[in-house]
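Undergrad: pasted the sequence and its predicted model underneath.
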Amino acid sequence: MSGHSKWASIKHKKGAADAKRGQLFTKLIKEITAAARAGGGDPEGNPRLRLAMAKAKEGNMPKDNIERAIKKGTGELPGVSYEEVIYEGYAPGGVAVLVEALTDNKNRTTAEVRNIFSKNGGNMAGAGSTAWIFHKKGYILVEKSRIEEERLMDLALGAGAEDLKSEGTAYEIITNPKDLDSIKSALERAGVVCQSAELTMLPTSTAPVRDEASARKVLAFVEALEEHDDVNHAYANFDIPDEILAAAATS
């Protein structure tokens, strides 16, 4: 499992998202609206919207909020038009960073994201500087207590998954982005409960961060990016030892 994905999994288990429920709802509403605008309001024919709705339900967002966000995206209700923006750069220690944002004011968001980089010892860079390191993949986590590895491998690979790895207390399933929804559905039909399922950006190479002080700086930087209202995702190619990740999650 890539370091960033492992960190996201640890935070998911700790319930970090619940502590910022209002902010989570804001981000989910933006994504649902943008997905509906891009691909229509019918989740059956819009995988991006279907995934966003699943995330919203996982976060216990009220059904009315989801429906309003869809209608704003399709134009049935007045709403804000969001622009998708990518930012690239480096965290302390040369860790590559890729930021995906949805904004109604690109100039404001760019200035604020640049400020986060600067305040946390990072550097924003030009288009293409780090994007080549990351590749979009479907990413599913299944707790080991839910199923035996051999059966899960048969189910996942049989449904078209690219890879399955055993990592800590969970299995990591990697898919082609377009196959994520169908593979998740196939697993659920077989009675497998997925801890999380999402589109993510996985690095082809990693930057090792071995001392705890440096690791905490990198993690604090990534979290500062993720806490910005307009940032949907902040990906980083750090490789931090498990014990340091676990210690950071409890502090």
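TA: Thanks, I have the structure now. Numbering: from 1, shown residues only.

Undergrad: Leu98 - how many residues pack around it?
TA: The number of residues packed near Leu98 is 22, by other Cβ atoms under 10 Å. Backbone N, C-alpha and C define where each C-beta goes, glycine included.

Undergrad: okay, and the beta partners of it?
TA: Beta bridges link Leu98 to Glu88, Tyr235 when assigned by DSSP bridges.

Undergrad: go on, the one 5 residues further on?
TA: The bridge-partner assignment for Thr103, based on DSSP bridges, gives Glu83.

Undergrad: the bottom helix or strand of this protein by mean pLDDT?
TA: When the helices and strands of the chain are compared on mean pLDDT, DSSP states H and E, helix 3-14 comes out lowest with a mean of 60.

Undergrad: would you mind pulling up the elements that the helix or strand following it packs against?
TA: Counting by DSSP states H and E, the next helix or strand C-terminal to helix 3-14 is helix 21-39. Using 3 or more Cβ pairs under 8 Å, 6 or more residues apart in numbering; DSSP states H and E as the contact test, the elements touching helix 21-39 are helix 47-58, helix 63-74, strand 95-103, strand 231-236.

Undergrad: could I get the average pLDDT for the second one?
TA: Pointing back at helix 63-74 there. Computed over helix 63-74, the mean pLDDT rounds to 93.

Undergrad: quick one: buried residues of that helix?
TA: Going by neighbour count (16 or more other Cβ atoms under 10 Å), the buried part of helix 63-74 is 66, 68-73.

Undergrad: hmm, Leu24 and Gly59 touching each other?
TA: Yes - taking contacts as Cβ atoms under 8 Å, Gly59 lies within contact range of Leu24: 5.4 Å.
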